[in-house]
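> quick check, what structure comes out for this input:
(2 chains)
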Amino acid sequence: MDKYTIENLELFYGDFKALKNINMKIQEKEITAFIGPSGCGKSTLLKTLNRMNDLVEGCKITGTVKLDDQDIYGKIDVNLLRKRVGMVFQKPNPFPMSIYDNIAYGPRTHGIHSKAKLNEIVEKSLRDVAIWDEVKDRLNKSALGMSGGQQQRLCIARALAVEPEVILMDEPTSALDPISTSKIEELAMDLKDRYTIIIVTHNMQQAARISDKTAFFLLGEMVEFDKTETLFSVPKDKRTEDYITGRFG
Amino acid sequence: MKKIGKGSWEQFWLTYKNKPGSLAVLICVILAAAITVGVLFSLIIYILVNGVVHLKPELFAWEYNTSNMSMMPAIISTVYITALSLLMAVPVGIFSAIYLVEYAKRGSKLVKVIRTTTETLQGIPSIVYGLFGYILFVITLGWSYSMLAGSVTLAIMILPLIIRTTEEALISVPDSYREGSFGLGAGKLRTVFKIILPCAVPGILAGVILAIGRIVGESAALIFTSGTVAQVPGSLFDSARTLSVHMYALLSEGLYTNEAYATAVVLLVLVILINAFSGFIAKKLATR
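Numbering: from 1, shown residues only, chains lettered A, B, ... in the order given. Here you go, the predicted structure:
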């Protein structure tokens, strides 16, 4: 089933057209990767999917983005949208509070205050990202004392805690070491049974390793969008081929 | 064992022997630092030497009269006026700063105008605030010389300071926290109160402490607004003199220089205590 349907999407930062006529359907319970050189619009597109671009001054869009047939730029509650569509950022950004409170922040935001329920959510979320055993004895310690890789997994757990349907990952491993990176990749593959995952990455190998579908962007255009195997083995477009064979980017 | 790096004279000599320019600059900056420290210490020592010997129990008598020259009413008035001014200025200041940083469009004309305004207000001499307070509160509104007139005047005076420091504190909270919070579906209100403000507390507190320092040290703006009656004020509309004003009054009368020194000691200790306390609180909050 299609989770997202994007039609004729164009996005402007002031007078600059950052996205040009994007049309794509994103399948649910799959990993979709956005690749392309810096400034190609892949992160911008990701941020239109949970309306994080609303925070950018002078950002305008035309066209439609539908989540389960509902226009997310129509009459909807943006906070509810962002509850359904979680986001993991490039740099791990745990809040300066305890590990427990970091995870509980989302559920509390959406009205869960029962201690027992929160405990359950915290444990489940941390187990889902496989750091429960590492942190269960220091849940009340500051999250800022964790390593970078742990912090990023905490941020994923924090996103999972509000029970989203989609998880957007904006270059989630670019600030991490190789071992943490492979843990995050494994985690993403574990999670795709339950969540729709869209990941922006600079790293083509990463896209090839973990994604089911890959979209290649260049200068605000979506050049090619196909099954990952197909895109990397028999690209249809010359520009895609040049990029994946390392001729530019 | 051979000492290396900073602290070794041999290293020092090797570094500077062929560079008279660098040596000259080094001497200048050390001298400047020494002058700063020296001035502060000589001031403190001078006041302590002249003041401590005159600290007598009757200076802390509950009632002020011309034989004991008690500063107790002034101490109490200082606490009252400080508390009242903060009560008015801190909420307004913090909320203005929240508006400027979190709600107003970033870099908009309005924000720039408000910022310039607060900066200008900060530079206005306190006697001008005093005159303004005198004309508006004391005369026009008919509050006469009163604690209320004094506190409101001081609140206006410290408002820009609170706004500026709170603004800086809010701006220094990384945007990634805001993104993280919005990304979880939290609204603006929750993001500001649960994430941004707690992070900014040490900075805001620093501003409040600076403001307390200004209030405690202020005399010009108060002489015209809260007057110089040296009794414990019974109501908001009673005149009250703070320690600084008390000192000014004692000195200007010319008869009680020793008592003025003693008052200065108390004032100094008070300010040092406030600073130490605020540092302690800020550290507590920062490591939490």
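
> where do the helices sit along the stretch 51-200 of chain B?
B:72-98, B:109-123, B:126-133, B:147-171, B:175-183, B:188-190, B:197-217 (DSSP state H, counting those that start in this stretch).

> cool, chain A as well?
A:42-48, A:78-84, A:99-109, A:115-128, A:132-135, A:148-160, A:178-191, A:204-210, A:228-233, A:238-244 (DSSP state H).

> mean pLDDT added to those, as TSV?
Listed next are those as TSV, based on pLDDT from 0 to 100:
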stretch	mean pLDDT
helix A:42-48	93
helix A:78-84	93
helix A:99-109	95
helix A:115-128	94
helix A:132-135	92
helix A:148-160	93
helix A:178-191	91
helix A:204-210	92
helix A:228-233	93
helix A:238-244	91
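
> comparing the helices of the stretch 51-200 of chain B, which comes out most buried?
helix B:147-171 (a mean of 24; mean count of other Cβ atoms under 10 Å in any protein chain shown). Just so you know, the C-beta spots here come from the backbone N, C-alpha and C atoms, and that holds for glycine as well.

> now that helix: average pLDDT?
The average pLDDT for helix B:147-171 rounds to 93.

> tell me which other helices or strands that helix touches.
Applying 3 or more Cβ pairs under 8 Å, 6 or more residues apart in numbering or on different chains; DSSP states H and E, we find helix B:147-171 packed against helix B:72-98, helix B:109-123, helix B:126-133, helix B:197-217, helix B:220-223.

> so for chain A, which of the ones you listed sits nearest?
helix B:197-217 (5.9 Å; Cβ to the nearest Cβ).

> which secondary structure elements does the closest one sit against?
Going by 3+ Cβ pairs under 8 Å, 6+ apart, helix B:197-217 lies up against helix B:72-98, helix B:147-171, helix B:243-253, helix B:257-287.

> and of the helices and strands packed on helix B:147-171, who's closest to B:Leu250?
helix B:72-98 (9.8 Å; Cβ to Cβ).

> can you list the helices and strands that that closest one packs against?
helix B:147-171, helix B:197-217, helix B:243-253, helix B:257-287.

> let's see it at 6 Å
Packed against helix B:72-98 by the contact rule (3 or more Cβ pairs under 6 Å, 6 or more residues apart in numbering or on different chains; DSSP states H and E) you find helix B:147-171, helix B:197-217, helix B:243-253.

> tell me what the last one is packed against?
Counting contacts by 3+ Cβ pairs under 6 Å, 6+ apart, helix B:243-253 is packed against helix B:72-98, helix B:257-287.

> how far off helix B:72-98 does the longest one point, in degrees?
Helix B:257-287 runs at 40 degrees relative to helix B:72-98, counting by axes from the mean of the first three to the mean of the last three Cα atoms, to 10 degrees.

> report whether helix B:257-287 contacts chain A.
No. Helix B:257-287 does not reach chain A (Cβ under 6 Å from any Cβ of the partner chain); its nearest approach is 8.7 Å.

> what's that helix packed up against?
Against helix B:257-287 (3+ Cβ pairs under 6 Å, 6+ apart) you get helix B:20-52, helix B:197-217, helix B:243-253.

> looking at these, spot the one closest to A:Met97.
With respect to A:Met97, and counting by Cβ to Cβ, the nearest of these is helix B:197-217 at 7.8 Å.
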